[in-house]
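Undergrad: generate a structure from the sequence data that follows.
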Amino acid sequence: MSFGNHTMIDTSFQIASASNVPLGQRRPMPVYANAFDVMQIPVKAYEQYDVMTPDVENVRWRHRIVERLQNHEAPRVFRLCLFDGKSILYSAAPLDLPDGTSGNYTLVVPGKGRVTVKVARVAGETVTFDDLKRFLTGQISDQTPKVSVALNLLQFIVRQAPNLKYPNNGRAYFTSGGSKDLRGGLQLFRGFFQSVRPAIGRVLVNIDISAAAMYKPGPFVDIALEVLNIRGNARALSYKKHSKEWNVLSQFFRNVLVDIKLPKKTVTKKIVGLVEAAGRFPFTQEQEDGLALPTTVAEYYHKTHNIRLSFPDIIGIELSRGSGKNTVIPAELCTVAAGQRYTRKLPQNMTSMMVDFSKFRPEKRLEMIVGQKGDRVQPPTLEYATSPYIRDAGMEISEKPITVQGQLLKPPTIFYGNRQSADVNNGAWNITRQHLHSPEIIRAWAVVDYSLRLDQNVIKAFMDTLEQCCTARGVRAKPSYKRGSGVGSVDRDIKEACSLALVSAGAPPGYNKPPEIVLVILPQSAAEIRQDVKRAGDVTLGVSTQCVREDNIAKFSGRQLDQYCNNIAIKINARLTGVNSIPSSPAYDWFIKEDFMFFGADVGHPGPGVQNKPSVASVVFSYDRYGVKYSAISRVQQPRQERIGELGPMVYDAITRYGKVNGKAPRRLMFFRDGLSEGEYVGVGELEFQDIKEAVRRVWAEVKLRDPPPLITYLIVGKRHHVRFFPTNPQDGDRKSGNVQAGFVASEGIANPIAKDFYLLSHGGILGTSRPAHYIVLKDEIFNFDIKPIQEVAYTLCHAYVSATRSVSIPAPKVCARAEYHFDATLRYMDSDGATVASSSTCEKQSFNLSQWRSGYAQTHSSMLARMFFA
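TA: So this is what the prediction gives:
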């Protein structure tokens, strides 16, 4: 590897200040934010107690147990205590416990039975809010443990009342008001997210609209039939173990609570499995004389409870496992308990319904958050004044959202061929009359057609229009058509189409390079074919692929078809290492004057609750002089590990590739890290920054570079937050969507007290309320924490996304989602996540075989490394 012959250089100019980084224009813009001032922080001190319930693991039951203590067993002692749902209880006054600092309570919880609880005071200091107040005013520079505990306690004070009243996930609660039936045994609830957040000089409560999928309550038999989309008699549920329907129901109902109604009582239990022909299930029942006689579940219920089963041959519910210890309940006696959240990955069709259910125009969203008396679902803002926990704490929260003084950045200039520029309007621009900046030449172009309903004339019209659009953009080629066979033959189809395309293009005999591009026409539902196409292109054959769906081809004509084909044309050009356009702004142009690399990094995780599939870490990096060409590296790692375990080697490979392409070393690295939560900033973020530093040292040592190492800026970019902005003046919003315009940036009024951060709304809203990206500048050697040029560079980079003529929400492309194409099919990585969900106790017993997954993960084909196949 060679980086060229570099000499020692003066680096004093590289650390920039506000005075020497040129900036584009920006204008002030006030907006509303969905945050509410805490006008009075509690003055009381709180005692901390441990709540020990050794036989109860479920958070829902723990809440019920504490609620029982508060309202029935010992209300005088526990009435206004705050419970975290796990094991910590807070009280504003010392509890009058039987043994002074501890006490044992035995109580009967409806649906659960007899439970023993031990409550004991935690030795140590009481929790006060003194350090939090000093932290907010800058007297304490770090978020100390005392500050963190005080903030957590404020969370409990704010959330306690609704969380005791409604189904919740700790951070948000949900109500049935305005619910929507999803079918398939599920329904959607609306609710409100609440989070106490520190800002400079103030504490805010962030409130947002939220939604959750819930198990539909009702007779188990009816819900099971609905899950299977069966209309008819319960006898249809007479399934054998491990049949397709059995597996679907087992996955759906695992760990779900059911109410079991008996003549004298109703108990609530958790499902751990299913049993076939439950009424015929044999067991031995001990008699009064000590003899154990054989019987069945149906006979037991008839003799013991005088219940004659109507459907003894259908599936039943298993409540516990173990040889001779199974507890089997007939399905017809069970009712799915109300208020249970569905925490697994929703099927695709339900995901789209969830998105539609959660979508509100900005003005409607803010109206729901602020609320009005008499609303069907009362927002928390109207209940704070009556919350006994907030009142007891002496806490006051404003009912009006805060106003944030932000700025609207001037959009960057987008340059196409011949330095022609496009006008950017609210994050969008038109390329109809534009020639691409650097169009690629396509010598051979293959087409594989898997469509099921398209007429050949429609396909020809589409191909002609696509060819014309490519030619107009500067990409010249003549596609060669082949009809594909389908699933299982994709590799062969693509190889044959490639051969035809090469012959059509006049390639000489023995020419063994594949065509530049393979266009694949897919049927409307073709996940398996698409997976095979992408694996063949990215991994096996090393050829760029572009998929289009037949329903899109069929529904467009005229100008709409031109626009659709233009979008395909720019994707094709980018995947062939062509350059579509170049973004430009004063700060961005200053940054790219020195040799540089942009990095984007993320970790993709398996679905909720899945523990036997790996996470995939991905890094993308720019290697050209404009910051628009990217390559990608990915690695397999332990499930749910957020730190990128092999970041050092990945950055080493990236810098090495950059050196091979450019013959020199970068002097600036700007690293955008997606996916880290607040609790991971210091731990994961700091460690990853050191990994990057170590990778740089390794490259410099191995190549014996005399140049100083590059300056590094490491930013965390988050989208998993609930901050939203709303125009104070409708004239300042987008005319169509009502959202704040693209380019809005804010930090004052909501900035973090200990980190340089800002919120940037870089994309134009289309539907619903736009979500800004949250940027946290963790390390900054390039701009010396001058926030304005960082804002402008990030905003400009959001206009460099090659697959669209719109700005995007975060800089640098992501590649985690393509991991599925790299796994060997025998590992069944693409199987439904629900099939691999395990209980916590099961997961603890399983050992994860990382080496198996790594050996079954194929790296990207060498010929694709410089191509943006992931765009």
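
Undergrad: what secondary structure does the closest residue to Y857 other than its chain neighbours sit in?
TA: Leaving aside its chain neighbours, Y857 sits nearest to V636 (4.8 Å; criterion: C-beta to C-beta, 6 or more residues apart in numbering). Every residue, glycine included, has its C-beta placed from N, CA and C. Secondary structure assignment for V636 (DSSP: H, G, I helix; E, B strand; the rest coil): strand.

Undergrad: V636: neighbouring residues, count only.
TA: 22 (other C-beta atoms under 10 Å).

Undergrad: I'd like the next helix or strand past the helix or strand of the chain with the lowest mean pLDDT.
TA: Among the helical and strand segments of the chain, the one scoring lowest on mean pLDDT, DSSP states H and E is helix 840-845, with a mean of 41. Downstream of helix 840-845, the next assigned helix or strand under DSSP states H and E is helix 850-855.

Undergrad: quick one, helices of the stretch 1-150 of the chain?
TA: Taking DSSP state H, counting those that start in this stretch as the criterion, the stretch 1-150 of the chain carries its helices at 59-68, 75-78, 130-136, 145-165.

Undergrad: export those to JSON lines and tack on distance to V203, mean neighbour count and mean pLDDT?
TA: Shown next, in JSON lines, are these (distance: least, C-beta to C-beta, whole Å; neighbours: other C-beta atoms under 10 Å; pLDDT from 0 to 100):
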{"stretch": "helix 59-68", "distance to V203": "26", "mean neighbour count": "19", "mean pLDDT": "84"}
{"stretch": "helix 75-78", "distance to V203": "27", "mean neighbour count": "14", "mean pLDDT": "92"}
{"stretch": "helix 130-136", "distance to V203": "7", "mean neighbour count": "19", "mean pLDDT": "93"}
{"stretch": "helix 145-165", "distance to V203": "7", "mean neighbour count": "20", "mean pLDDT": "92"}
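
Undergrad: nearest to T268 among the ones you listed would be which one?
TA: helix 59-68 (8.7 Å; C-beta to C-beta).

Undergrad: got the angle between that closest one and helix 145-165?
TA: 80 degrees (axes from the mean of the first three to the mean of the last three C-alpha atoms, to 10 degrees).

Undergrad: please save the CA atoms from helix 59-68 in CSV.
TA: Provided in CSV are the C-alpha atoms of helix 59-68 (Å, rounded to 0.1, in the frame of the first residue of the first chain):
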residue,chain,number,x,y,z
VAL,A,59,-42.8,-6.1,35.8
ARG,A,60,-46.5,-6.0,35.4
TRP,A,61,-47.0,-8.2,38.5
ARG,A,62,-44.5,-6.2,40.5
HIS,A,63,-46.5,-3.0,39.8
ARG,A,64,-49.7,-4.8,40.8
ILE,A,65,-48.0,-6.0,44.1
VAL,A,66,-46.9,-2.5,45.0
GLU,A,67,-50.3,-1.1,44.0
ARG,A,68,-51.8,-3.7,46.4
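
Undergrad: how far away from the center of its chain is that helix?
TA: Here the centre of helix 59-68 is set off from its chain's centre by 29 Å, with C-alpha atoms, centre = their mean, to the nearest Å.

Undergrad: do stretch 691-702 as well
TA: With C-alpha atoms, centre = their mean, you get 31 Å for stretch 691-702.

Undergrad: and it, what's buried?
TA: Buried residues in stretch 691-702, counting neighbours by 16 or more other C-beta atoms under 10 Å, are found at 691-693, 695-696, 698-700.

Undergrad: as a check, name the ranges of all helices in the stretch 451-600 of the chain.
TA: 456-473, 490-504, 527-535, 550-555, 558-575, 586-591.

Undergrad: to F726, which of these lies closest?
TA: helix 586-591 (27.6 Å).

Undergrad: show me what the closest one packs onto, helices and strands only.
TA: helix 787-797 (3 or more C-beta pairs under 8 Å, 6 or more residues apart in numbering; DSSP states H and E).

Undergrad: what helices or strands is the helix it packs on leaning on?
TA: So helix 787-797, by 3+ C-beta pairs under 8 Å, 6+ apart, packs with strand 396-409, strand 582-584, helix 586-591, strand 711-718, strand 756-761, strand 773-780.

Undergrad: so it versus strand 711-718, what angle?
TA: Using the same axes, to 10 degrees: helix 787-797 against strand 711-718 is 70 degrees.

Undergrad: and the contacts of helix 787-797?
TA: For helix 787-797, contacts defined as C-beta atoms under 8 Å, 6 or more residues apart in numbering pick out 16, 18, 21, 23-24, 409, 411-412, 583-588, 590-591, 598, 627, 670, 672, 713, 715, 743, 745, 747, 756, 758, 760, 762, 775, 777, 780, 783, 807, 811-812.

Undergrad: ok now it, how far from the chain's centre?
TA: 24 Å.

Undergrad: may I have stretch 655-673 as CSV, with CA atoms only?
TA: The C-alpha trace of stretch 655-673 is given here as CSV (Å, rounded to 0.1, in the frame of the first residue of the first chain):
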residue,chain,number,x,y,z
ILE,A,655,-8.1,4.4,5.4
THR,A,656,-6.1,1.7,3.6
ARG,A,657,-8.6,1.7,0.7
TYR,A,658,-8.7,5.5,0.6
GLY,A,659,-4.9,5.4,0.3
LYS,A,660,-4.9,2.9,-2.6
VAL,A,661,-7.5,5.0,-4.5
ASN,A,662,-6.0,8.5,-3.8
GLY,A,663,-2.3,7.8,-3.3
LYS,A,664,-2.2,9.9,-0.1
ALA,A,665,-3.5,10.0,3.4
PRO,A,666,-6.6,11.9,4.7
ARG,A,667,-6.0,14.9,7.0
ARG,A,668,-9.6,15.2,8.3
LEU,A,669,-11.9,12.5,9.5
MET,A,670,-15.6,13.3,10.3
PHE,A,671,-17.3,10.4,11.9
PHE,A,672,-21.1,10.2,12.2
ARG,A,673,-22.2,7.5,14.6
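
Undergrad: spell out for me which residue occupies the centre of the protein.
TA: R720 (6.8 Å; C-alpha atoms, centre = their mean).

Undergrad: give the contact list for that residue.
TA: 675, 677.

Undergrad: now with 10 Å, please.
TA: Applying C-beta atoms under 10 Å, 6 or more residues apart in numbering, we find R720 in contact with 674-677, 771, 774.

Undergrad: and those, which are buried?
TA: 674-676, 771, 774.

Undergrad: quick one: which of those is nearest G103?
TA: Nearest member of the buried ones among the contacts of R720 to G103, counting by C-beta to C-beta, is L676, at 41.5 Å.

Undergrad: from what I can see that closest one touches V717, true?
TA: Yes: counting by C-beta atoms under 10 Å, L676 does reach V717; the two are 8.9 Å apart.

Undergrad: I'm done for today, thanks for sticking with me.
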